[in-house]
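Engineer: I need the structure of the sequence given here:
(2 chains)
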There are 2 protein chains.
Amino acid sequence: MALIVQKYGGSSVGDAEKIKNVARRVAQTKDKGNQVVVVVSAMGDTTDELIRLAYQINERPDERELDMLLSTGEIISCTLLAMALEAMGYEAISLSGAQAGIRTDAVYSRARIQRVDPERITRELDKGNIVIVAGFQGITDEMDITTLGRGGSDTTAVALAVSLGAGVCQIYTDVEGVFTADPRIVPEAQKLPEIGYEEMLELATYGAKVMHPRAVELGELFNVPILVASSFNDNPGTLIHGGVPMEVRNKVRGIAHDLDVAKITVVGVPDRPGIAASIFEPLAKANISVDTIVQNASINNITDLTFTVAESQLTKAIEVVKPIAKSIGARDCVSDSKLGKVSIIGTGMQNTPGYAARMFGALSEKGINIQLITTSEIRITCIIDEARVKDAVQALHRAFELER
Amino acid sequence: MALIVQKYGGSSVGDAEKIKNVARRVAQTKDKGNQVVVVVSAMGDTTDELIRLAYQINERPDERELDMLLSTGEIISCTLLAMALEAMGYEAISLSGAQAGIRTDAVYSRARIQRVDPERITRELDKGNIVIVAGFQGITDEMDITTLGRGGSDTTAVALAVSLGAGVCQIYTDVEGVFTADPRIVPEAQKLPEIGYEEMLELATYGAKVMHPRAVELGELFNVPILVASSFNDNPGTLIHGGVPMEVRNKVRGIAHDLDVAKITVVGVPDRPGIAASIFEPLAKANISVDTIVQNASINNITDLTFTVAESQLTKAIEVVKPIAKSIGARDCVSDSKLGKVSIIGTGMQNTPGYAARMFGALSEKGINIQLITTSEIRITCIIDEARVKDAVQALHRAFELER
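Structural biologist: Residues are numbered from 1 along each chain as shown, chains lettered A, B, ... in the order given. Here you go, the predicted model:
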């Protein structure tokens, strides 16, 4: 008897009929003799609707209150899924994040799971119950409700798979798996039957929406295989695991892109020690993630400091940076919100020359100007004009022959 | 500095604007130097919508799951009220039933509060917070979420007032107080400035929707004054308390009515000991409240047993009673769902003859047939045709001169 953790996303439980469909899939897994733990997201647009309601009442809702408000979305979907299974004659029980023992820190709106106390889940499984857990949420030691950030239900699922010793964590969603690029942009994009954790992590971090990066990280750390597949059919999905053979790994695996990119440049910064810290520490304190950072060569001890943030955090970032720029004697602080990111990802890259050259060549051929470049061992990312991201993804997919 | 518990019903927090209105009222109470604990119901029709969703998925939803589902309604309204207060510059925090320490038994859908652990509320009050508590819900020792039944937020409010030692529990609602009869039926009905606990208990139990009977009971037990008033204006409401002077009490105080009445008659029952128990024990186990019970004088050791239940519980009650009626050799089991109840209530009654006669006379004058009669020390109730309830209330209001 295997223990399987399944996760169903918001579009898979969007209405009563879809919830019944998910119940049938869960029941099939149970019928095969497995113990099943199911993690669900909130139904369809519930979370967005709750956020809209909150902003009608308070333009800057308190994050503790917002987390408690949003946590209701997953409670609703998990109780309804339990009811749907019961209507089919199965024993099921829904558990909130608190009841399921998902303990987190107190960083509201993007809490991190610190530990899972799985006693209640184990007890319910031992009784023969299918256990439905509200994703995306947890509880602090003070009994306050937290949420894990967008896509946090993936993290809930992998964390449960880890703590329960499940053989596999199945992420069911509205796409069929992990593709070489977004199929809406590149129709000939191929579904990958398998992919390594690190490659998936880079893909997810650099724009592939299919999985939450933190969930991939957790899977890698504890070596739990993660299957990503569609909740609407039985096609094989993509298995994310550590055992992908070298010959499969040794090439570009996929193209990721991200339109949520903005750039801030602090112009005319005196180039002396401590300047970077004086800018980036306050940003970190304001919980703004800074991505690419580039500092120009200094001329007469004056330099420009450029970095990118998510477009959605630009206003907040500028509020933080402007007064600092003034206080350190910088000449100006300018921003551009109309940027995008395109990345090629593959473990072969670090050993094989020519990837960067081929990437830059493909973009140049299309007349796409590269504003910033960053790299990791298995990734090269270019920051470009937002309007050219689609062209760039298509060109790169062809240049690296990913349609084969 | 006084501690005040306020409760706002679902119609008072029906949308963003109404929530802001409630926030202003709460803020006024805080501004007067009070510590304030606010209990809220779910917004408008939220609870009904959640119930509808549940029944779309499962015709007989499990009560534990249903309670967990419904508990989200009050979480939503209490987080939004906290946000509204924060938008006005006040410190506020929302607490779920679990966080507020509302401990109940595990009788889902109509749990009883067993104790309140008010440490968290006290700690938040000490920090200067206005504390917003989700009404209608609690938590068992197993950490399962329960609901207290319809109107349970009143009970939450009074229980908190008791456990926190509040000077008064204020119930704000969409009516202006307790009236001598439902003003929608009797336009000349008078608002009562004060009323005793027992009279209010009978009024609430016998159909006045303004307060939940269990809340009144709790107020009486711990002698907490309860003010019922409108959340939409500042008119004085009705104070429910133990100190109503005798001269005010010594007469009929109000007319209650209830349309949710159905009657079951088990026909031709052998009249032997244990028969009543064999019928009413299974009903109690099925959690069906039986109200009036009448057993006819036995002829040849054969009798008829008639009792009333809520119309909404009739189907379930018949399912329970039919097989029992058969097994004890009864001739038949018939029902009538189109009944209503009309009651006169007043503490003076037991000492003053003539109340019953005047009541029966007033009904008879209108040609209203009385099917069953029950009485308590301070109440006389007649079961009549549902279609005549309105006429009966109007006639009784005039007969006892309650418009004065």
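Engineer: bridging residues for the closest residue to A:L95 other than its chain neighbours?
Structural biologist: Computed as C-beta to C-beta, 6 or more residues apart in numbering or on different chains, the closest residue to A:L95 that is not its neighbour in sequence is A:V133, at 5.2 Å. In short, each C-beta sits where N, CA and C put it, glycine included. Beta-bridge pairing of A:V133 under DSSP bridges involves A:V39, A:L95.
Engineer: just checking, A:V133 touches A:P118?
Structural biologist: No. Using C-beta atoms under 8 Å, A:V133 is not in contact with A:P118, being 10.2 Å away.
Engineer: is there a neighbour count for A:G128? I'd like the number.
Structural biologist: By other C-beta atoms under 10 Å in any protein chain shown, the residues close to A:G128 number 11.
Engineer: just to revisit the earlier point, can you tell me how far the residue nearest to A:L95 is from chain B?
Structural biologist: Applying C-beta to the nearest C-beta, to the nearest Å, the value for A:V133 to chain B is 12 Å.
Engineer: before we move on, what about A:V210?
Structural biologist: The spacing between A:V210 and chain B, counted by C-beta to the nearest C-beta, is 28 Å.
Engineer: now stretch A:393-404: buried residues?
Structural biologist: Neighbour-count burial for stretch A:393-404 flags A:V393, A:Q394, A:A395, A:L396, A:H397, A:A399, A:F400, A:L402 (criterion: 16 or more other C-beta atoms under 10 Å in any protein chain shown).
Engineer: give me the more crowded residue out of A:V133 and A:P118.
Structural biologist: For A:V133 versus A:P118, neighbours defined as other C-beta under 10 Å are more numerous around A:V133 (28 against 20).
Engineer: which residues touch A:Y55?
Structural biologist: A:P61 (C-beta atoms under 8 Å, 6 or more residues apart in numbering or on different chains).
Engineer: give me phi/psi at it?
Structural biologist: phi -70, psi -20 (degrees, to the nearest 10).
Engineer: quick one: least confident helix or strand in chain A?
Structural biologist: Counting by mean pLDDT, DSSP states H and E, the weakest-scoring helix or strand in chain A turns out to be helix A:246-249, with a mean of 63.
Engineer: which strands or helices does the one helix or strand A:A276 maps to pack on?
Structural biologist: Element membership for A:A276 (DSSP states H and E) is helix A:275-285. When contacts are defined as 3 or more C-beta pairs under 8 Å, 6 or more residues apart in numbering or on different chains; DSSP states H and E, helix A:275-285 sits against strand A:290-295, strand A:302-309, helix A:314-327.
Engineer: low-confidence regions, chain A specifically.
Structural biologist: Across chain A, residues meeting the criterion (pLDDT under 70) sit at A:246-250, A:350-352.
Engineer: where do the helices sit along it?
Structural biologist: In chain A, the helices defined using DSSP state H lie at A:16-31, A:46-57, A:63-87, A:119-126, A:152-164, A:197-205, A:213-222, A:246-249, A:275-285, A:314-327, A:355-365, A:389-399.
Engineer: those helices: which one's closest to B:I380?
Structural biologist: For the helices of chain A, the distance to B:I380 is smallest for helix A:63-87, at 43.5 Å, taking C-beta to C-beta.
Engineer: quick check: angle from that closest one to helix A:46-57?
Structural biologist: Here helix A:63-87 runs at an angle of 150 degrees relative to helix A:46-57 (axes from the mean of the first three to the mean of the last three C-alpha atoms, to 10 degrees).
Engineer: now helix A:63-87, how far from the centre of its chain.
Structural biologist: 21 Å (C-alpha atoms, centre = their mean, to the nearest Å).
Engineer: same check on stretch A:271-287?
Structural biologist: 26 Å.
Engineer: close to chain B: what parts of chain A are there?
Structural biologist: Within chain A, the positions adjacent to chain B are A:16, A:19-20, A:50, A:53-54, A:56-59, A:61-62, A:64-66, A:68-69, A:71-72, A:75-76, A:79-80, A:82-84, A:86-87, A:93-94, A:96, A:98-99, A:120, A:143-145 by C-beta under 8 Å from any C-beta of the partner chain.
Engineer: cutoff 7 Å now
Structural biologist: Residues of chain A lying near chain B by C-beta under 7 Å from any C-beta of the partner chain: A:16, A:19-20, A:53-54, A:56-58, A:61-62, A:65, A:68-69, A:72, A:75-76, A:79-80, A:82-84, A:86-87, A:94, A:99, A:143.
Engineer: buried set for the helix holding A:A276?
Structural biologist: By neighbour count with 16+ other C-beta under 10 Å, helix A:275-285 contains the buried residues A:I275, A:I279, A:F280, A:L283.
Engineer: closest one to chain B out of those residues, please.
Structural biologist: Closest approach between the buried residues of helix A:275-285 and chain B, by C-beta to the nearest C-beta: A:L283, at 24.8 Å.
Engineer: just confirm that closest one contacts A:V290, I think it does.
Structural biologist: Yes. With contact defined as C-beta atoms under 7 Å, A:L283 reaches A:V290; the gap is 5.7 Å.
Engineer: now the stretch 301-404 of chain A against chain B: closest residue?
Structural biologist: Per C-beta to the nearest C-beta, A:K316 is where the stretch 301-404 of chain A lies closest to chain B, at 18.4 Å.
Engineer: ok so, going back, tell me the contacts of the residue nearest to A:L95?
Structural biologist: Residues in contact with A:V133, defined by C-beta atoms under 7 Å, 6 or more residues apart in numbering or on different chains, are A:V37, A:V38, A:V39, A:C78, A:L95, A:A100, A:T156, A:L160.
Engineer: how about A:P213?
Structural biologist: Each residue near A:P213 by C-beta under 7 Å, 6+ apart is listed here: A:L201, A:A204, A:T205.
Engineer: check A:C78 too.
Structural biologist: A:V40, A:S94, A:I132, A:V133, A:A134.
Engineer: what's the closest of the residues you listed to B:E386?
Structural biologist: For those, the nearest to B:E386 is A:S94 (38.9 Å; C-beta to C-beta).
Engineer: now do the same contact list for the closest one.
Structural biologist: A:S94 makes contact with A:C78, A:T79, A:A82, A:I132, B:E65, B:M68, according to C-beta under 7 Å, 6+ apart.
Engineer: for those residues, work out which two are farthest apart.
Structural biologist: Distances among the contacts of A:S94 were taken as C-beta to C-beta; the most separated pair is A:I132 and B:M68, at 10.4 Å.
Engineer: against A:I378, how distant is the residue of chain A most remote from its centre?
Structural biologist: Ranked by distance from the centre of chain A (C-alpha atoms, centre = their mean), the top residue is A:N300, with 42.1 Å. Distance, A:N300 to A:I378, using C-beta to C-beta, to the nearest Å: 38 Å.
Engineer: likewise for A:P61?
Structural biologist: Taking C-beta to C-beta, one finds A:P61 at 39 Å from A:I378.
Engineer: what does A:H397 give?
Structural biologist: Applying C-beta to C-beta to A:H397 and A:I378 gives a distance of 18 Å.
Engineer: now do the domain split for chain A, please.
Structural biologist: Structural domains assigned to chain A are A:3-174, A:256-399, following automatic domain parsing.
Engineer: endpoints of the shortest one, how far apart?
Structural biologist: When you say that, I think you mean domain A:256-399. The straight-line separation of the ends of domain A:256-399 (C-alpha to C-alpha, to the nearest Å) is 14 Å.
Engineer: what about that domain, distance to the chain center?
Structural biologist: What separates the centre of domain A:256-399 from the centre of its chain is 20 Å, taken as C-alpha atoms, centre = their mean.
Engineer: ok, now stretch A:180-194?
Structural biologist: Offset of stretch A:180-194 from its chain centre (C-alpha atoms, centre = their mean): 18 Å.
Engineer: pull out the buried residues from it.
Structural biologist: Within stretch A:180-194, the residues scored as buried using 16+ other C-beta under 10 Å are A:T180, A:A181, A:D182, A:I185, A:V186, A:A189, A:Q190, A:K191, A:L192, A:E194.
Engineer: might you report the residue contacts of the last one?
Structural biologist: Right, A:E194. A:T238, A:L239, A:H241, A:V244.
Engineer: neighbour-wise, which one of those leads?
Structural biologist: With neighbours set by other C-beta under 10 Å, the maximum within the contacts of A:E194 is found at A:T238, which has 23 neighbours.
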